[in-house]
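S.K.: coords please:
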Amino acid sequence: MKNKKKWIAVAILAVILILVSIFWYYSYVTQDQVAEKNAAIIKAKQSAGLVSTTQTWKSVWDQVYWVVQGKNAQNENIMVWVPFQKVEGQPNVPAADNSGVHTELLKNGVDEQKMTAIIQQQLPGAKIVRLQPSVFNGEYVWQLFYDDGSHHYYTFYRFSDGVATGVKYTLPNN
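M.R.: The predicted model follows:
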């Protein structure tokens with residue numbers, strides 16, 4: 001009986017050790033991403049008057065941007081595009097000056113819900129894999145990654161009015 005209790009205790013300790021190790025590994029792997037996200041939020045608060053954050057996205061199309069959605073001091077919903085610079089061997093850092101930081105009131109553009117409705121109307125039957133704000137060819141856009149059943153595509157819609165930019169990239173099938 002003592003031997004059975006001993007093995008149960010060893011098994012429980014082994015499971016706990018494995019779970020703690022997985023948590024530590026996950027924390028280690030995501031630490032750069034978390035550091036970038038936090039730096040983007042701080043930069044958005046300093047440069048754009050962001051008071052609270054509701055959502056963040058990382059965009060890596062033309063250049064690395066973090067897009068932060070939240071509220072300003074007037075309690076208006078805003079989107080802030082924060083450009084980042086690549087630093088070899090370290091997490092990316094926000095651009096030093098504020099000239100690249102772009103802020104838009106959400107009411108002056110197309111929000112995610114409206115953009116989803118526009119996409120569903122224009123691309124019926126397409127499965128939206130990911131929709132996120134981005135920068136494409138110097139323009140603030142919604143970047144859509146979708147599947148139509150035969151291929152995966154990237155396409156872009158202007159943030160300001162939800163109109164397609166006319167650029168579509170088809171990913172090859174496996």
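S.K.: quick one, helices of this structure?
M.R.: In the chain, the segments counted as helices under DSSP state H are 2-48, 112-122.
S.K.: could those helices go into a markdown table alongside mean pLDDT and distance to residue 73?
M.R.: The way it works is simple: take the backbone N, C-alpha and C, and place the C-beta from them, glycine included. Formatted as a markdown table, the helices of the chain follow (pLDDT from 0 to 100; distance: least, Cβ to Cβ, whole Å):
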| stretch | mean pLDDT | distance to residue 73 |
| --- | --- | --- |
| helix 2-48 | 91 | 11 |
| helix 112-122 | 96 | 23 |
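S.K.: any idea which of these is most buried?
M.R.: helix 112-122 (a mean of 14; mean count of other Cβ atoms under 10 Å).
S.K.: how about the helices of the chain in JSON lines, adding distance to residue 84?
M.R.: Output for these, formatted as JSON lines (distance: least, Cβ to Cβ, whole Å):
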{"stretch": "helix 2-48", "distance to residue 84": "7"}
{"stretch": "helix 112-122", "distance to residue 84": "22"}
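S.K.: Touching, residue 114 and residue 162? I think so.
M.R.: Yes. Between residue 114 and residue 162 there is a contact at 6.6 Å, judged by Cβ atoms under 8 Å.
S.K.: Could you list the domains of the chain?
M.R.: 2-105, 112-171 (automatic domain parsing).
S.K.: what residue lies at the spatial centre of the protein?
M.R.: In the chain, the residue lying closest to the centroid (Cα atoms, centre = their mean) is residue 57, at 2.0 Å.
S.K.: May I ask you to confirm that it is in contact with residue 132?
M.R.: Yes. Using Cβ under 8 Å, residue 57 is in contact with residue 132, at 4.3 Å.
S.K.: got any residues that touch both of the two?
M.R.: The contact sets of residue 57 and residue 132 overlap at residue 67 (Cβ atoms under 8 Å, 6 or more residues apart in numbering).
S.K.: Next, work out how far apart residue 115 and residue 76 are.
M.R.: Going from residue 115 to residue 76 by Cβ to Cβ, to the nearest Å gives 19 Å.
S.K.: cool, residue 143 as well?
M.R.: From residue 143 to residue 76 the distance is 24 Å (Cβ to Cβ).
S.K.: If you count surrounding residues, which of the two has more?
M.R.: residue 143 (19 against 14; other Cβ atoms under 10 Å).
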